[in-house]
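sequence-free structure coming up:
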């Protein structure tokens with residue numbers, strides 16, 4: 001019912017021609033500075049290196065904007081900008097709180113729900129590290145419920161990618177406390193693999209869910225997984241090779257990290273070294289490297305008694321940590 005020039009549609013339904021879903025928020029943040037004075041202020045706040053100071057500045061802008069009528073120019077752009085700014089500063093509780101304050105029409109968009117689910121899952125991971133698995137489970141359940149509210153017509157590879165991440169983290173948490181034999185941990189691993197592969201099928205150009213499916217099948221390592229990897233590995237390699245050209249350092253990082261992880265999964269250490277050198281030349285947020293390290297460490301677990309593979313992976317992880 002909204003007119004085509006409504007900011008809601010411009011922010012949450014539009015993306016550059018030829019791009020893939022997981023790039024939409026990065027593109028939005030890049031262009032935020034061109035959306036007016038509020039956009040410039042949000043962009044400046046995000047640029048502050050001190051996370052607490054940046055979050056405080058974003059909170060000030062949130063309080064200015066959240067009470068404005070929804071028909072005021074750029075109000076939706078500003079709300080989404082602050083929302084994603086909190087994500088960049090790992091202020092996940094602020095994201096969840098702001099989601100609850102969104103106008104109804106903004107709250108119902110896929111991008112708002114996807115990012116809220118992402119924030120809830122990050123909070124769950126924090127509770128898991130603190131040893132509070134009951135609260136962590138509740139946050140993960142809330143994250144899945146948030147995604148469940150997205151209409152089927154609006155579900156994309158990005159939706160599947162975030163859902164897969166939730167199940168992957170849930171599996172990690174259960175595995176760390178109950179071990180590989182725990183049936184619930186096995187179920188979460190199965191859900192994660194199925195969900196990531198659904199994401200790849202939803203858009204074969206979106207390599208993110210594909211490379212995660214590869215890593216998790218390696219980790220489980222059943223005979224069925226080994227057969228599936230014979231098909232899955234080249235498909236994901238083709239996916240990243242056919243992905244739209246990187247528009248920024250973040251996108252370049254993810255493409256290179258995917259090539260690195262596929263090389264290590266296939267035990268092509270010459271290619272892995274080449275991709276590692278490329279990866280180390282890209283300046284990005286620390287959490288991005290942490291994500292790559294986590295995936296490579298899962299591959300280490302999958303290697304079992306392969307001392308050569310474990311050694312190569314240890315060298316790569318060490319380089320990423322320095």
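Yep, it's here. Here the structure is a predicted model, which is why all the values come from computation and not from measurement.

mind listing what's buried in the host helix or strand of residue 158?
Under the criterion of DSSP states H and E, residue 158 resides in helix 157-178. Applying a neighbour-count criterion of 16 or more other CB atoms under 10 Å, one finds 157-175 buried in helix 157-178. Backbone N, C-alpha and C define where each C-beta goes, glycine included.

quick check: mean pLDDT of the helix or strand that it is followed by?
Once helix 157-178 ends, the next helix or strand along the chain (criterion: DSSP H and E) is helix 183-202. Summarised as a single mean, pLDDT over helix 183-202 is 96.

which other helices and strands contact helix 183-202?
With contacts taken as 3 or more CB pairs under 8 Å, 6 or more residues apart in numbering; DSSP states H and E, helix 183-202 sits against helix 157-178, helix 207-220, helix 223-241.

so how far is the shortest one from its chain's centroid?
Centre-to-centre, helix 207-220 and its host chain are 14 Å apart (CA atoms, centre = their mean, to the nearest Å).

between helix 157-178 and that helix, find me the angle.
If you take axes from the mean of the first three to the mean of the last three CA atoms, to 10 degrees, helix 207-220 sits at 20 degrees to helix 157-178.

what is the rounded mean pLDDT of helix 207-220?
pLDDT averaged over helix 207-220 gives 96.

check which helices and strands that helix sits against.
Packing partners of helix 207-220 (3+ CB pairs under 8 Å, 6+ apart): helix 157-178, helix 183-202, helix 223-241, helix 249-265, helix 286-303.

will you turn these into TSV that also has distance to residue 109?
Converted to TSV, those look like this (distance: least, CB to CB, whole Å):
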stretch	distance to residue 109
helix 157-178	12
helix 183-202	18
helix 223-241	26
helix 249-265	22
helix 286-303	24
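
tell me which of the ones you listed sits nearest to residue 216.
helix 183-202 (5.0 Å; CB to CB).

tell me the angle the closest one makes with helix 157-178.
Using the same axes, to 10 degrees: helix 183-202 against helix 157-178 is 160 degrees.

does residue 96 touch residue 116 like I think?
Yes. Assessed by CB atoms under 8 Å, residue 96 is found in contact with residue 116 at 6.2 Å.
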